[in-house]
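Enquirer: fold the following for me, if possible:
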Amino acid sequence: MQKLLFSDKEESLKVVNVASVPQYSPFRYPGGKTWFVPRLREWLRSQPKKPKLLIEPFAGGGIISLTAVFGNLTQESLMVELDEDIAAVWQTIVDGNAEWLISRILNFEMSKENAFNEITKKRKSIKEKAFQTIIKNRTFHGGILAAGSGFLKNGEAGKGVHSRWYPGTLAKRLRGIDLVRDRLHFKHGDAFEVLEQYKNDEDVVFFIDPPYTAGGKRAGNRLYTHFELDHEALFAACEKVTGDFIMTYDNAEEVRNLSRKHGLVAKPIPMKNTHHATMTELVIGRNLDWMSGINRVLELQAEYKIKKKSASSG
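Expert: The predicted model follows:
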């Protein structure tokens, strides 16, 4: 069993400039993994052979699957997402309806009134739901789709809902994804079911980035519709898969304890949050020797303000 190594000496780690990473996803996604892309390439290139399939059980904005396919780092990718709004976008694309979605985007006259009218329409199809989701994602504060989110007020330079509405850019990204659609697959469903389904396939690798609700952190409550997760069960499921996997998690004590319990290795990686503050997250796997320049877990953890709950609170 591999041991975790700890040190109170912080190593010099470079934060990835996300502006230098190719942007493939049509989403602005809270908790997105664009900053992890350079390390993803390292991991996939370290595999003994090109993986037959990369599975992203918590796909969200899909940047990991898209990067793997566009970079020819895997033969195919399977994105899995439980959220029905996000699922509608990916399903529309893999079903061959990207041009329909592009047409709706390019012909939409953006204003707060028009956006509100569109997203409050009764949804009649997956395609229509996909278009509504794109509008919400591009006009809501932080791209957050969970209940309680709302329209940008000021945005960039006072542009409000226009701040992140780039129809030409969205069209370009969607057409790019459509070109590799035959290598992209999507499943609207539960991550645990997919982990169970593919656990014995040695040609499958998994990139697992669950909603961060471990270690006392509760940001997932407001960022994601489906934020409740049995983290213990997830670690146990990963331990059983035959193929390689990596997980990304908060650098929190509960997560490090789960890693120890299941005999996994954890290493820190720097990132910047939505407020541009530099933090570290953990990369977890069976063997992380491919992560060059990072030798041990730092005793630096995320700080949480944990509110005490009453016995009756959920």
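Enquirer: C-alpha only now, for contacts and for neighbours.
Expert: Noted.
Enquirer: residues of the host helix or strand of Val69 that come out buried?
Expert: Using DSSP states H and E, Val69 sits within helix 63-70. Residues Ile63, Ile64, Ser65, Leu66, Thr67, Ala68, Val69, Phe70 are the ones in helix 63-70 that count as buried (16 or more other C-alpha atoms under 10 Å).
Enquirer: neighbouring strands - and their directions - for the helix or strand following it?
Expert: Later in the chain than helix 63-70, the nearest helix or strand by DSSP H and E is strand 76-81. The pairing partners recorded for strand 76-81 under DSSP bridges are strand 53-56 (parallel), strand 184-188 (parallel).
Enquirer: burial count for Asn257?
Expert: By other C-alpha atoms under 10 Å, 14 other residues sit near Asn257.
Enquirer: pretty sure it belongs to a strand, no?
Expert: No: looking at Asn257 with DSSP: H, G, I helix; E, B strand; the rest coil, it is helix, so not inside a strand.
Enquirer: pLDDT wise, what is it at?
Expert: On pLDDT, Asn257 comes in at 91.
Enquirer: go on, Gln132?
Expert: Listed pLDDT for Gln132 reads 94.
Enquirer: please verify my assumption that it contacts Phe116.
Expert: No: Gln132 lies out of contact with Phe116 (C-alpha atoms under 8 Å); the separation is 9.6 Å.
Enquirer: assign a three-state SS to Leu282, would you?
Expert: The local conformation at Leu282, judged by three-state DSSP, is strand.
Enquirer: list the buried residues for stretch 90-97?
Expert: Of all the residues in stretch 90-97, those buried under the rule 16+ other C-alpha under 10 Å are Trp90, Gln91, Thr92, Ile93, Val94, Asn97.
Enquirer: check stretch 42-56 too.
Expert: Neighbour-count burial for stretch 42-56 flags Trp43, Leu44, Lys50, Pro51, Leu53, Leu54, Ile55, Glu56 (criterion: 16+ other C-alpha under 10 Å).
Enquirer: got the residues you listed as JSON lines, with pLDDT and distance to Val265 columns?
Expert: Below are these laid out as JSON lines (pLDDT from 0 to 100; distance: C-alpha to C-alpha, whole Å):
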{"residue": "Trp43", "pLDDT": "97", "distance to Val265": "14"}
{"residue": "Leu44", "pLDDT": "97", "distance to Val265": "17"}
{"residue": "Lys50", "pLDDT": "96", "distance to Val265": "23"}
{"residue": "Pro51", "pLDDT": "97", "distance to Val265": "21"}
{"residue": "Leu53", "pLDDT": "98", "distance to Val265": "23"}
{"residue": "Leu54", "pLDDT": "98", "distance to Val265": "21"}
{"residue": "Ile55", "pLDDT": "98", "distance to Val265": "20"}
{"residue": "Glu56", "pLDDT": "97", "distance to Val265": "20"}
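Enquirer: any chance of those residues in TSV, plus distance to Phe245?
Expert: TSV is the format used below for those (distance: C-alpha to C-alpha, whole Å):
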residue	distance to Phe245
Trp43	9
Leu44	10
Lys50	14
Pro51	11
Leu53	12
Leu54	9
Ile55	9
Glu56	10
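Enquirer: nearest to Val194, of the buried residues of helix 63-70?
Expert: Ser65 (15.3 Å; C-alpha to C-alpha).
Enquirer: ok now do that closest one, which residues does it touch?
Expert: Applying C-alpha atoms under 8 Å, 6 or more residues apart in numbering, one finds that Ser65 lies in contact with Leu54, Ile55, Glu56, Ala59, Ser77, Leu78, Met79, Leu184.
Enquirer: if anything else comes up later, I'll come back, but that's it for now.
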